[in-house]
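Engineer: Sequence first, then the predicted structure, then my questions.
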Amino acid sequence: MKRGFTLIELLIVMVIVGILVVVALPQYKRTAERGRVTVGMAALRTAADKVNAWYLTHNSYPSTAKFDSAIKPNLGVAGVGTGESFSNITFGAKRVTVTRNTTSGWGYSLNATVDNGEITRIYCQSTTSANDCNYLGVDNVVEYNAVEDVKPKDKK
């Protein structure tokens, strides 16, 4: 009596494993990128809070040059500006922007608008035609509410 598996049985198992990989890999990539969005949101909130603190101290928002020289080096935000996840963090026209590293294959930026020392809106903006924000489930669904803090809006 022979023991073991036949070639057909092994091929069927390989096909099933292949199908599972094909189905699971895109979801894994999406979930991993959502984790990076969380890192970006933390960086965005930190930068927006520092910009608002500047406003409350100086009664005006910093220029782009002041942001780059006085605020940006002291943010201490992991994964931003290192090429790791997000390539840059900028400020201008009352908007803080954290840009995703485009070499990653993803194209989006996270933005926070500020006014009178408060964050008025936090949102995602796709920078490619692929609409990565929508794919990640964060396309203009994050709003700032001073009482309830940042939370996803209900999708209709």
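Structural biologist: Right, received. Where do you want to start? Residues are numbered from 1 along each chain as shown.
Engineer: buried ones in stretch 33-41?
Structural biologist: Residues of stretch 33-41 classed as buried by neighbour count (16 or more other C-beta atoms under 10 Å): E33, R36, V37, V39, G40, M41. C-beta: built from backbone N, CA, C; applies to glycine.
Engineer: Toward the C-terminus from the helix ranked longest in the chain, list the very next helix or strand.
Structural biologist: In the chain, assigned by DSSP state H, the helix with the most residues is helix 7-58. Where DSSP states H and E defines the elements, the next helix or strand beyond helix 7-58 is helix 64-66.
Engineer: Go through that next one and flag the buried ones.
Structural biologist: Per 16+ other C-beta under 10 Å, helix 64-66 contains these buried residues: K66.
Engineer: related to what we said a few turns ago, and the longest helix of the chain, what does it pack onto?
Structural biologist: strand 86-92, strand 95-100, strand 108-115, strand 118-126, helix 132-136 (3 or more C-beta pairs under 8 Å, 6 or more residues apart in numbering; DSSP states H and E).
Engineer: Need the winner for burial among the ones you listed.
Structural biologist: Comparing those by mean neighbour count (mean count of other C-beta atoms under 10 Å), strand 95-100 comes out on top with a mean of 23.
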